[in-house]
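S.K.: give me a model of this one.
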Amino acid sequence: MEKLNVGVIGLGCRGQWLMRDVILLMSNVKVTAVCDVYDDRNEEAAAMTEEKCGHRPATTTDYKELIHRDDVDAVIIVCAWEWHVPIAIEAMKAGKAVGLEVGGGYSVKQCWDLVDTYEATGTPFMFLENCCYGRRELMCLNMAEQGVFGEVVHCRGAYMHDLREEVTKGEENRHYRLRNYTKRNTENYPTHELGPIAKILKINNGNRMLTLSAMASKAAGLEHYVNDRDVENKKLKGVRFNQGDVVNTMIKCANGETIMLTLNTTLPRFYSRDFTVCGTKGMYEEENDTVFLDKKYTMMEEMFFKDFWGNAKDYEEEYDHPIWKKFLEDGVQGGHGGMDWLVLDAFFKSIIEKRACPIDVYDAAAWMVISALAEESIALGGQALPIPDFTNGMWMLREQIEL
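M.R.: Next comes the predicted model:
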């Protein structure tokens, strides 16, 4: 197969971005069909493909029509969160390899359906969590695997991103976040922070997540934002949003580690994923991009450690992951600092070379189910809930596939 024939489903901001900055620039991929429920988005994506690649893909507003085309070998699903799993299941049943964009699950059953369909069909599947390919995330994975942090006991991560404008412009921009923030109250976007942590803690590969407890603050940020500004959508004035402004989710793992996830997207703040790894020999903290190693600093230096903030760059030469060393040599490409390129490149090469995808359906189910369970836990006042083992006990035996 010279090129992988790909269909792209979902052509909003994220879908257009991935096509423009990554997919249409890849030499081993040909976009043969695009799909969105809006005709203007289809036209824009088709015109972009024709301009960049010299051919015009087929367009349709029906994802099933795209999936069942003979000239589509794999699909990239970048649509609204609610449709991720149903479309992925339809594609796997049709034998089309699936690259699924990130988002949280809506029920435990939905996550089981995803796993059951994969096991019944054997169709290749990869969860496109780009943050697993971040430079610092991979550097810390490499350091953890080499024992630099000692025994890792706790990790922390977050999706802290001021999305007030994006959410409140949901109707104008035809974006799905608005209805989710109006109706739900949960950790709605857990995988950016959880994915890299899960790889470090070997979740589904010798370890698993056991229980979860989530709490949400009041929902005030969006209401204040709407009432303090002349927003286009006047219908939002007086709306009571359901999504808590800050959601904290604590997870306990089988091997004893804990994970803390935080969602904070409806208050004014700087962007952060708060990626943090704490071990018996040292730690890394993303918010000040700092590595602290035991016995390396004097007591006085420890007390005034702010002087060393930003020192992670000093560890790049020794601990940059091989993936990033090669990427830097070849030239970094794609959006989000190169993460988008790396995750899609891994997916496409896995399909073309007929090897296992490095972020598989069991990862997808385990990470996505956090949203469904957090919603229930919040409703029950933070009650601890069991996290399903989607591997049915095989987590004890499964070896981790290299990213």
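S.K.: quick one, what contacts residue 361?
M.R.: For residue 361, the contacting residues are 114-115, 118, 125, 127, 390, by Cβ atoms under 8 Å, 6 or more residues apart in numbering. For glycine as for every other residue, the C-beta is placed from the backbone atoms N, C-alpha and C.
S.K.: what's the answer for residue 362, then?
M.R.: Residues near residue 362 by Cβ under 8 Å, 6+ apart: 115, 204, 390-391, 398.
S.K.: just residue 133 next, same as before
M.R.: Contact partners of residue 133, counting by Cβ under 8 Å, 6+ apart, are 323, 338-339, 342-343, 346, 403.
S.K.: any idea which helix or strand comes after whichever helix or strand residue 8 is part of?
M.R.: Element membership of residue 8, judged by DSSP states H and E, is strand 4-9. Counting by DSSP H and E, the next helix or strand C-terminal to strand 4-9 is helix 13-21.
S.K.: what packs against that following helix?
M.R.: strand 4-9, helix 39-53, helix 339-352 (3 or more Cβ pairs under 8 Å, 6 or more residues apart in numbering; DSSP states H and E).
S.K.: could you export these as TSV, including mean pLDDT, mean neighbour count and distance to residue 16?
M.R.: Shown next, in TSV, are those (pLDDT from 0 to 100; neighbours: other Cβ atoms under 10 Å; distance: least, Cβ to Cβ, whole Å):
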stretch	mean pLDDT	mean neighbour count	distance to residue 16
strand 4-9	98	25	9
helix 39-53	98	16	6
helix 339-352	98	22	13
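S.K.: any chance of the ones you listed in TSV, with distance to residue 279 too?
M.R.: Below are the helices and strands packed on helix 13-21 laid out as TSV (distance: least, Cβ to Cβ, whole Å):
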stretch	distance to residue 279
strand 4-9	40
helix 39-53	45
helix 339-352	24
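S.K.: ok now the strand holding residue 8, how far from the chain's centre?
M.R.: 20 Å (Cα atoms, centre = their mean, to the nearest Å).
S.K.: strand partners of that strand, parallel vs antiparallel please.
M.R.: strand 29-35 (parallel), strand 74-77 (parallel) (DSSP bridges).
S.K.: which other residues reach it?
M.R.: Residues contacting strand 4-9 (Cβ under 8 Å, 6+ apart): 15, 18-19, 23, 28-36, 45, 63, 66-67, 69, 71-79, 87, 96, 348, 351-352.
S.K.: just the buried subset of these, please.
M.R.: Neighbour-count burial (16 or more other Cβ atoms under 10 Å) applied to those gives 15, 18-19, 23, 29-36, 45, 63, 66-67, 69, 72-79, 87, 96, 348, 351-352.
S.K.: for residue 170, see how far away residue 255 is.
M.R.: 40 Å (Cβ to Cβ, to the nearest Å).
S.K.: for residue 158, same thing?
M.R.: Residue 158 is 23 Å from residue 170, by Cβ to Cβ.
S.K.: who's more crowded, the two?
M.R.: residue 158 (24 against 18; other Cβ atoms under 10 Å).
S.K.: in this structure the more buried one contacts residue 265, no?
M.R.: No. Using Cβ atoms under 8 Å, residue 158 makes no contact with residue 265, being 9.9 Å away.
S.K.: can you point out the buried residues in stretch 283-301?
M.R.: So, applying 16+ other Cβ under 10 Å, buried residues of stretch 283-301: 283-286, 290-293.
S.K.: turn the residues you listed into CSV, including distance to residue 174 and secondary structure.
M.R.: Shown next, in CSV, are these (distance: Cβ to Cβ, whole Å; DSSP: H, G, I helix; E, B strand; the rest coil):
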residue, distance to residue 174, secondary structure
283, 42, strand
284, 39, strand
285, 38, strand
286, 33, helix
290, 41, strand
291, 43, strand
292, 45, strand
293, 48, strand
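S.K.: show me the shaky parts of the stretch 301-403 of the chain.
M.R.: Along the stretch 301-403 of the chain, segments meeting pLDDT under 70 are nowhere present.
S.K.: mind listing the helices for it?
M.R.: 316-319, 322-330, 339-352, 361-379 (DSSP state H, counting those that start in this stretch).
S.K.: which elements pack onto the second one?
M.R.: Applying 3+ Cβ pairs under 8 Å, 6+ apart, we find helix 322-330 packed against helix 135-145.
S.K.: ok, the shortest one next?
M.R.: Packing contacts for helix 316-319, counted by 3+ Cβ pairs under 8 Å, 6+ apart, involve helix 135-145.
S.K.: average pLDDT across the helix it packs on?
M.R.: Per-residue pLDDT over helix 135-145 has a mean of 98.
S.K.: how about that helix: buried residues?
M.R.: For helix 135-145, the neighbour count (16+ other Cβ under 10 Å) marks 135-144 as buried.
S.K.: what does stretch 318-332 give?
M.R.: Neighbour counts over stretch 318-332 (16+ other Cβ under 10 Å) mark 319-321, 323-324, 327 as buried.
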